[in-house]
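>>> Next come a sequence and a model predicted from it.
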Amino acid sequence: MRRRILATVLAALMALSLTACGSSNTSGNTAGDNTTGNNADTTDNTSDTADAGETGADSVIPPVEDLTDVDTSTIPGLEDGVLTVGMECAYAPYNWMQMDDSNGAVPISNVSGSYANGYDVMMAQRICDAYGWELEIVSSDWDGLTAAIQSGTMDANIAGQSMTADRLQEVDMAGPYFYATIVCVTTKDSPNASATSIQDLSGTCTAQTGTIWYDSCLPQIEEAEILPPAETAPAMIMQLQTGTADFICTDLPTAMGAVAKDDNLVILNFSGTDGDFQFATEEERAENVNIGISVEKGNTQLVEAMNTVLSAMDEEQFNALMDYAISIQPEI
């Protein structure tokens, strides 16, 4: 029943989300009046499709392919037919916690009476629907996600994690299942709101702990006074809203989710310009913006099974599903 409800909700609301939000992962002015920068310019496994309808958008969310005839009983961790997925449940619009099952939310197994929803949950449900697996969501601190994979506590982390070289030394990854532009966020009345380059930024700043935003991006800003990292994405955004930080560094979906709930925030998107964050090579840039699914080292069967489902969607469709997640996320 939950699959049918989610499919129906997606079909009904996708047109609204695509019209209101546009594409989640383009350069420049991507979040309406709350974006500045350089203007470059689970569904059921039957026939349900979330369609843009009369909006004129090219993107549709395809139906989930029926792969239930594939024998997955030998995939490590899936012998019982349950995919146990770790995520923070506090990283909107990728994932969040809510107190009911509206919009296809899934119970959080280790937090009684709570449910998880968001882009990560929707992608996890698509994978499970394809193979007929049961989905179990487990809430975990960000810093504990990789250890949970290595110990076998989780079968996979679908948690907005970048496919970095360092992370790939510890886990294997399926995907990408999203391509995330790196941006900054400040307040509308801040001097930083008129910045056209990362070197125009100044003042106190932070990002979430254990991320490339904090470890690799903020140190590139010469006039930045870098505060200790925030433990969670909501804590990072709260520091900006309360004036503790003058700006924050994050990815575009997280930024769009924040400005959707607080019209005093503005996104600074320097992508595609000389004023953007720099990486040694385009390959290094790609690994830092490609978002993947972590599994235990050597579990190539699970990686291949997930990639089969992910390969049915393209970047535009990923963006459309992310826009829908942003449209239904709760207040921060």
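Perfect, I can see it now. Numbers count the residues shown, from 1 in each chain.
>>> Show me the domain layout of the chain.
Domains of the chain are assigned by automatic domain parsing as 2-26+42-47+70-179+301-328, 182-283.
>>> Quick one: the strands in the stretch 51-200 of the chain, in order.
60-61, 82-87, 90-91, 95-98, 106-107, 115-117, 134-139, 156-162, 172-179, 182-187 (DSSP state E, counting those that start in this stretch).
>>> Please name whichever of those strands is nearest to residue 290.
Closest to residue 290 of the strands of the stretch 51-200 of the chain is strand 172-179 (Cβ to Cβ; 4.0 Å). Backbone N, C-alpha and C define where each C-beta goes, glycine included.
>>> so what strands line up beside the closest one?
Partner strands and pairing direction for strand 172-179 (DSSP bridges) are strand 290-295 (antiparallel).
>>> possible to save the strands of the stretch 51-200 of the chain as JSON lines with mean neighbour count?
Shown next, in JSON lines, are the strands of the stretch 51-200 of the chain (neighbours: other Cβ atoms under 10 Å):
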{"stretch": "strand 60-61", "mean neighbour count": "20"}
{"stretch": "strand 82-87", "mean neighbour count": "24"}
{"stretch": "strand 90-91", "mean neighbour count": "21"}
{"stretch": "strand 95-98", "mean neighbour count": "24"}
{"stretch": "strand 106-107", "mean neighbour count": "18"}
{"stretch": "strand 115-117", "mean neighbour count": "25"}
{"stretch": "strand 134-139", "mean neighbour count": "20"}
{"stretch": "strand 156-162", "mean neighbour count": "26"}
{"stretch": "strand 172-179", "mean neighbour count": "22"}
{"stretch": "strand 182-187", "mean neighbour count": "26"}
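>>> need the least confident one among the ones you listed, by mean pLDDT.
Lowest mean pLDDT within these: strand 60-61, a mean of 84.
>>> Relative to the whole chain's centre, how far out is that strand?
Strand 60-61 has its C-alpha centroid displaced from the chain centroid by 18 Å (Cα atoms, centre = their mean, to the nearest Å).
>>> Which strands and helices lie in contact with it?
For strand 60-61, the packing partners by 3 or more Cβ pairs under 8 Å, 6 or more residues apart in numbering; DSSP states H and E come out as strand 50-51, helix 315-328.
>>> Please name the strands paired to that strand in the sheet, noting orientation.
Short version: by DSSP bridges, strand 60-61 pairs with strand 50-51 (antiparallel).
>>> centroid residue for this structure?
In the chain, the centroid-proximal residue (Cα atoms, centre = their mean) is residue 94; its distance is 3.7 Å.
>>> From residue 309, how far off is that residue?
18 Å (Cβ to Cβ, to the nearest Å).
>>> hang on, the earlier thing: tabulate the strands of the stretch 51-200 of the chain (CSV), appending distance to residue 207.
Listed next are the strands of the stretch 51-200 of the chain as CSV, based on distance: least, Cβ to Cβ, whole Å:
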stretch, distance to residue 207
strand 60-61, 30
strand 82-87, 19
strand 90-91, 13
strand 95-98, 18
strand 106-107, 28
strand 115-117, 23
strand 134-139, 22
strand 156-162, 12
strand 172-179, 18
strand 182-187, 9
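>>> What residues are bridge-paired with the residue nearest to residue 114 when sequence neighbours are not counted?
The shortest distance from residue 114 to any non-neighbouring residue, by Cβ to Cβ, 6 or more residues apart in numbering, is to residue 108 (4.6 Å). When assigned by DSSP bridges, residue 108 has beta-bridge partners residue 137.
>>> so who does residue 108 touch?
89, 97, 114, 115, 116, 137, 138, 139 (Cβ atoms under 8 Å, 6 or more residues apart in numbering).
>>> do that again at 7 Å, thanks
Shown in contact with residue 108 (Cβ atoms under 7 Å, 6 or more residues apart in numbering): 89, 97, 114, 115, 116, 137, 139.
>>> what do you get for residue 76?
Neighbours of residue 76 in contact, by Cβ under 7 Å, 6+ apart: 296, 299, 301, 302.
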